[in-house]
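[1] Just the structure for this:
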Amino acid sequence: MDGVSILSALTVPSWLRSIATAAVGALIAYAAWNWLHSPYLYPGPVALRDVVEVDEDETQRSIRLPIENIGTRAAENCEAVIQLRVRVDDDVIRSFHPVPWLPRRAELVVDDEEHTRRTTIPAGRDTTLELMRQYRNQNMQIYPHIGGDKFIRTGPGDAYHRPVSEEAEYAVLSPQGSTESDVIRSSGVFYADDVGDADWEGAVVELVVETESARPLMVEFDASVDEDGWLELERRRLPWKRRAVSWLYRGLDRVRKIG
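    Reported below is the predicted structural model:
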């Protein structure tokens, strides 16, 4: 029996091909249905808000980022982490820390105790992250209500030192009874001199927002310091896939509202 005859003998019956085609089509339709009926996070532009301490007559600056759920289901248990790496002289100061969600009335009054680590964003709604807080003396903090070590600093002579272009290959335990000879010097405050002397053009500032049943959202920022010493962050352009999917979701939402 030649090759052609063998292939003819192994021909799949048409009814079996029809079943296989229908199964594949149903699987694709199911995947598309679940994909379209899911939460989908999209960041807005960075907002700078002055926060006035009424009791102390002191103005702070809050650096915020609105996160919108343009999907068709609630984004549950949203949690965000910001990573900062910036060079100061030959040292590198870095942070990898959760950032808080703000309550709705934070536009008027900020109560740090009402910051939350996780939140649920309903479909078609948005809420806001506070990326950083900067004080009048130009010191910076992340998540002001929670103490602890948010920034660590290493130098070229330290065994654990890594350049700005590389992520750290270590974790830092919060030191108790630490001394000045510690390999890694840490602080909950990014001090004014460091802020002004930092090489912000080469800084790495990344935000990752995760939620249940949805792809994580990664946002990158360009950083700079203005002539008055205030930090400014500008969101970079998102990848084309994220933008394309957002156009699709927004188009579906317009069709739904028209219907």
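[2] My assumption is that G157 lies in a strand; please confirm.
    No: secondary structure of G157, determined by DSSP: H, G, I helix; E, B strand; the rest coil: coil, with no strand assignment.
[3] what's it sitting at in phi/psi?
    Phi and psi for G157, reported as degrees, to the nearest 10, are phi -80, psi -10.
[4] With A192 instead?
    A192 adopts backbone torsions of phi -60, psi -40, taken as degrees, to the nearest 10.
[5] Quick one: mean pLDDT for stretch 122-131?
    For stretch 122-131, the per-residue pLDDT values average out at 92.
[6] same thing with stretch 225-233?
    91.
[7] Now do the contacts for the residue lying closest to L84 once chain neighbours are set aside.
    For L84, the nearest residue in space outside its immediate sequence neighbours is S95; the separation is 4.5 Å by CB to CB, 6 or more residues apart in numbering. Every residue, glycine included, has its C-beta placed from N, CA and C. Taking CB atoms under 8 Å, 6 or more residues apart in numbering as the contact definition, S95 lies against I82, Q83, L84, I142, K150, F151, I152, F190.
[8] Now, these that are in strands?
    Among the contacts of S95, DSSP state E puts I82, Q83, L84, F151, I152 in strands.
[9] export the strand or helix carrying A244 as CSV, just CAs?
    Element membership of A244 [criterion: DSSP states H and E] is helix 240-258. Once side chains and other backbone atoms are set aside, the C-alpha atoms of helix 240-258 remain, and they are given as CSV (Å, rounded to 0.1, in the frame of the first residue of the first chain):
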residue,chain,number,x,y,z
TRP,A,240,-0.1,48.7,23.0
LYS,A,241,-1.9,45.5,24.1
ARG,A,242,-3.1,47.2,27.2
ARG,A,243,-4.3,50.3,25.2
ALA,A,244,-5.9,48.1,22.5
VAL,A,245,-7.9,46.1,25.1
SER,A,246,-9.0,49.3,26.8
TRP,A,247,-10.4,50.6,23.6
LEU,A,248,-12.3,47.4,23.2
TYR,A,249,-13.8,47.5,26.7
ARG,A,250,-14.7,51.1,26.4
GLY,A,251,-16.3,50.5,23.0
LEU,A,252,-18.4,47.6,24.4
ASP,A,253,-19.4,49.9,27.3
ARG,A,254,-20.7,52.5,24.9
VAL,A,255,-22.6,49.9,23.0
ARG,A,256,-24.1,48.6,26.2
LYS,A,257,-25.2,52.1,27.3
ILE,A,258,-26.7,52.9,23.9
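[10] quick one on the thing from earlier: quick check: which element contains the residue nearest to L84?
    Secondary structure from DSSP H and E places S95 in strand 91-99.
[11] next structured bit after that strand?
    strand 118-121.
[12] neighbouring strands for that next one, and are they parallel or not?
    Sheet pairing for strand 118-121, assigned by DSSP bridges, gives strand 75-88 (antiparallel).
[13] what angle do the partner strand and strand 91-99 make?
    Angle, strand 75-88 to strand 91-99, by axes from the mean of the first three to the mean of the last three CA atoms, to 10 degrees: 170 degrees.
[14] buried sites along strand 75-88?
    By neighbour count, and taking 16 or more other CB atoms under 10 Å as the criterion, the buried residues in strand 75-88 are A75, C78, E79, A80, I82, Q83, L84, R85, V86, R87, V88.
[15] Next, P156: phi, psi?
    Main-chain torsions, P156, degrees, to the nearest 10: phi -60, psi -30.
[16] That one and Y135, how far apart?
    In this structure, P156 and Y135 are separated by 30 Å, where distance is defined by CB to CB, to the nearest Å.
[17] More neighbours: these two, which one.
    Taking other CB atoms under 10 Å, P156 and Y135 do not tie; Y135 has more neighbours (17 against 10).
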